[in-house]
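> dropping a prediction and its sequence here:
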Amino acid sequence: MTRPTTRSALRLTVLVGENDTWHHRPLYAEIVHRAHAAGLAGASVFRGVEGFGASSVIHTTRLLSLSEDLPVAVVIVDTEDRVRGFLPLLGEVVTDGLVTLDPCEVVGYEGKRSL
């Protein structure tokens, strides 16, 4: 059995609210489109079912009155240089939210462009 090759990468996670916008467009969509335009390997958006942030208000899908502005995570994985090069573009649009960077390993990624 062959062992899959792994490559070092950097994972960028941006946590924002579902209702956050940039020029009347969902902020998460703006981040994905900027990542695409910057040539990053990929970006995915995940909608949370419950969470709270700096406001300490819990948002959840369980209560209709609080089911607005759920947490959203935008996750981007690419080489460290490409991700760090994207940070200034991200800083232009993310004024409220949490941005984290984590080293990771990519296992068996097969796309049009390798990391």
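The structure has been received and is ready for your questions. Numbering: from 1, shown residues only.
> can you show me the helices along this protein?
27-37, 80-91 (DSSP state H).
> minimum distance to V107: which of those has it?
Of all the helices of the chain, helix 80-91 sits nearest to V107, with 16.9 Å by Cβ to Cβ. Placement of C-beta: from N, CA and C, glycine included.
> now do the same for the closest one: mean pLDDT, whole number.
For helix 80-91, mean pLDDT is 97.
> start the count at 56 instead of 1 going forward.
New numbering, starting at 56: the last item is helix 135-146.
> that helix vs helix 82-92, what angle?
140 degrees (axes from the mean of the first three to the mean of the last three Cα atoms, to 10 degrees).
> please identify the buried residues of helix 135-146?
The neighbour-count check on helix 135-146 (16 or more other Cβ atoms under 10 Å) flags 137-138, 141, 145 as buried.
> how close does V162 get to F101?
Separation of V162 from F101 (Cβ to Cβ, to the nearest Å) stands at 20 Å.
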